[in-house]
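Chemist: Pasting the sequence and the predicted coordinates here, then a few questions.
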Amino acid sequence: QVQVVESGGGLVQAGGSLSLSCAVSGSISRVYTLAWSRQPPGKQRELVASITRGSTTNYADTVKGRFSISRDNAKNMVYLQMNSLKPEDTAVYYCSADAGPTLGVPRRDYWGQGTQVTVSS
């Protein structure tokens with residue numbers, strides 16, 4: 001069984017910084033692309049940033065220059081450093097992992113439960 005667990009959310013003032021972490025665990029043969037998505041209140045979930053196993057990164061235009069994604073392949077961890085936060089960054093942030101195969105389950109996306117980030121003005 002694969003588990004994806006986020007940590008590091010919280011309340012921060014506008015202009016501040018916050019760092020999120022995500023751990024992927026379980027009997028996984030390999031973890032491929034890792035990503036952070038977010039779902040603001042009343043809106044659809046959107047991709048924030050992604051990073052391939054070879055560390056190629058991709059960012060949503062709304063966070064370019066402010067957020068930075070990184071990963072540790074040895075630990076199956078992914079991180080999101082968020083700087084210059086704005087109230088519109090308020091959302092539940094989700095980590096996802098393209099991983100597998102594991103225990104007979106083909107390669108697929110796994111999602112965490114999410115962590116709340118609130119930016120006050």
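Modeler: Yes, it's here.

Chemist: Touching, V24 and Q1? I think so.
Modeler: No. At 11.7 Å, V24 does not count as touching Q1 under the criterion of CB atoms under 8 Å. For the C-beta atoms, the positions are set from N, CA and C on the backbone; glycine is no exception.

Chemist: And those two? Which one has more around it.
Modeler: Neighbours per residue (other CB atoms under 10 Å) separate V24 from Q1, with V24 holding more: 22 against 10.

Chemist: secondary structure class for that one?
Modeler: strand (DSSP: H, G, I helix; E, B strand; the rest coil).

Chemist: which residues touch it?
Modeler: For V24, the contacting residues are V2, Q3, V4, V31, L34, N76, M77, V78, C95, A97, A99, Y110, by CB atoms under 8 Å, 6 or more residues apart in numbering.

Chemist: swap in I51?
Modeler: Contact analysis of I51 by CB under 8 Å, 6+ apart lists T33, L34, A35, T57, N58, I69, S70, R71, V78.

Chemist: Give me the subset of these lying in strands.
Modeler: Cross-referencing the contacts of I51 against strands under DSSP state E gives T33, L34, A35, T57, N58, I69, S70, R71, V78.

Chemist: What residues are bridge-paired with the residue sitting nearest the centre point of the chain?
Modeler: Compute the mean C-alpha point of the chain, and by CA atoms, centre = their mean the closest residue is W36, 2.6 Å away. Beta-bridge partners for W36, by DSSP bridges, are A49, C95.

Chemist: S70 is in contact with that one, correct?
Modeler: No. Using CB under 8 Å, W36 makes no contact with S70, being 11.0 Å away.

Chemist: what's the overlap in contacts for those two?
Modeler: V78.

Chemist: Can you get me a residue count around Y32?
Modeler: 13.

Chemist: Good, we can wrap up now.
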